[in-house]
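**Student:** Show me how the following folds:
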Amino acid sequence: MFETDKKIIRELANRTAEIAALPVQAEKRALWRGLNGLSPARPMVMIDQVCWNEMYVDDGLKLQCEDPMLREWESELKKQLYQWKYFPVDMVVDGVFYVPKAVWDTGNGIQAVVRHLKEDETGDVSSQAYENQITSMEDVARIKVPQIIHDKAETERRRALAEEVFDGIMPVCMEGMKEANIALDVWDQISFMMGVENACYALADKPEMMHALASRLVEIKMARLDQLEQMDLLCGPQSLIHCTGAWNDDLPKERSAPWTTKQIWTFGLAQMFSTVSPRMFGEYEVDICMLLYERFGLLYYGCCDPLDLKMEQVRRIPNVRKVSMSPWASKERGASEIGGDYVFSHKPNPAYLVHFDEDLIRGDIRETVQICKANGCPLELILKDVSTVMYKPQNLWRWAQIAMEEACK
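**Tutor:** Residues are numbered from 1 along each chain as shown. Have a look, this model is predicted:
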């Protein structure tokens, strides 16, 4: 069984290594460095968070490996090859296989209680409703600092397996905590503990408790980051940050010592604050989380939350390089606020891929490019959160073609 699985992985790895050796990979890295240095040659385009359950058009994504870990690696390689074939846009295939170290933590003592509702049982996306676990200061006091655990023996087993499987084809890199585990997402965590509606009511009804809750989560994240630094479990250098290219000339390109937070990117967000005022956003997110922001070398800020009316507060955050402009933000206002100071990280509406209208899609992208050009904004187009294309993967492929046509004009 193992030899059969190994043969499958090596064939995929050979195809990947051939693509990684193409000159275009270095060209794309250079373009990302230009954008992230705020001197772009053109807008950049990325696609991530795809509904892979709807992408099957042949056997290209069908898994054959029996070993659970090799099956995960097979899936990763096949998805990368599929994307390169059908919707590569400005992705970079770097020819290194990254294997996660065996790391987990003991939890913070609060177990989320959640109900899921799925439209499509074959997919990963679901609607979620969370029960309120935080109703008093006593509940806040129950939240504890998790202990990071690294199973070094399991990490070495994974390393040995990967080096055997990929020997002579591509290098293996053992990586620590990925970006999702170092995200500055205090208010996302609160939404999991309380539910968004309960948390919003508590901001008005129990402000002292909410201040204490957010401050406690900042303390916990700081302690968690301290542990990751001390145990050399941070990840770098990074090729991606929050679905966008992370190549840059500001942070270290090579590992010379244990990574610190000052040497890497992170991303911050407060999505549930889409509905609060700029003043409240500044008070509860920016002020409380400032200690976290200050730790990192570079920061991508925002996600689905519209930030066009909150740039005054965002500007107080140190080391921000990219600012998300979601489908619910005013492009004109966002671009005028951002100017040339940050990358305008435009999030095209993924709903456009359902009832596909090529004129609408092209017009949306072209308008964004023109607005950012007029305001001197470095621009990236990041299509993400694609939960469905109604089982028409060609819609995604065509979106990629249109986006690159408009970006390369």
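
**Student:** Who's the closest spatial neighbour of residue 243, skipping the chain neighbours?
**Tutor:** Using Cβ to Cβ, 6 or more residues apart in numbering and skipping residues adjacent in sequence, the residue nearest residue 243 is residue 48, 3.7 Å away. Quick note: C-beta positions are derived from backbone N, CA and C, even for glycine.

**Student:** count of neighbours near that neighbour?
**Tutor:** 15 (other Cβ atoms under 10 Å).

**Student:** So for it, what pLDDT did the model give?
**Tutor:** For residue 48, the model assigns a pLDDT of 96.

**Student:** Between its first and last residues, what's the separation in stretch 79-93?
**Tutor:** 12 Å (Cα to Cα, to the nearest Å).

**Student:** thought the residue nearest to residue 243 was touching residue 381?
**Tutor:** No. Counting by Cβ atoms under 8 Å, residue 48 stays clear of residue 381, with 11.8 Å between them.

**Student:** Need the residues that contact stretch 278-294.
**Tutor:** Surrounding stretch 278-294, the residues in contact under the criterion Cβ atoms under 8 Å, 6 or more residues apart in numbering are 184, 186-187, 203, 210-211, 214-215, 218, 221-222, 225, 268, 270, 273, 276, 299, 309-310, 312-314, 316-319.

**Student:** List the buried residues of the strand or helix carrying residue 188.
**Tutor:** In the assignment (DSSP states H and E), residue 188 maps to helix 186-194. By neighbour count on 16 or more other Cβ atoms under 10 Å, the buried set for helix 186-194 is 186, 187, 188, 189, 190, 191, 192, 193, 194.

**Student:** now, which of these sits nearest residue 401?
**Tutor:** Distance to residue 401, by Cβ to Cβ, is smallest for residue 188 among these, at 33.5 Å.

**Student:** Would you mind measuring from the residue lying closest to that closest one once chain neighbours are set aside to residue 81?
**Tutor:** Of all residues not flanking residue 188 in the chain, residue 271 sits nearest, at 6.2 Å (Cβ to Cβ, 6+ apart). Applying Cβ to Cβ, to the nearest Å, the value for residue 271 to residue 81 is 32 Å.

**Student:** same deal with residue 170?
**Tutor:** Counting by Cβ to Cβ - residue 170 and residue 81 are separated by 13 Å.

**Student:** Break down the protein into its strands, ranges please.
**Tutor:** 44-47, 97-100, 103-105, 114-117, 127-130, 148-150, 172-175, 240-241, 244-245, 265-268, 298-301, 320-325, 343-346, 379-383 (DSSP state E).

**Student:** want to throw these into CSV with distance to residue 32?
**Tutor:** Formatted as CSV, these follow (distance: least, Cβ to Cβ, whole Å):
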stretch, distance to residue 32
strand 44-47, 6
strand 97-100, 18
strand 103-105, 28
strand 114-117, 36
strand 127-130, 33
strand 148-150, 31
strand 172-175, 19
strand 240-241, 10
strand 244-245, 4
strand 265-268, 12
strand 298-301, 13
strand 320-325, 11
strand 343-346, 10
strand 379-383, 9
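
**Student:** and residue 365, what pLDDT?
**Tutor:** The predicted local confidence for residue 365 is 98.

**Student:** Please apply the same query to residue 123.
**Tutor:** Per-residue confidence at residue 123 stands at 73 (pLDDT).

**Student:** Kind regards, and thank you for your time.
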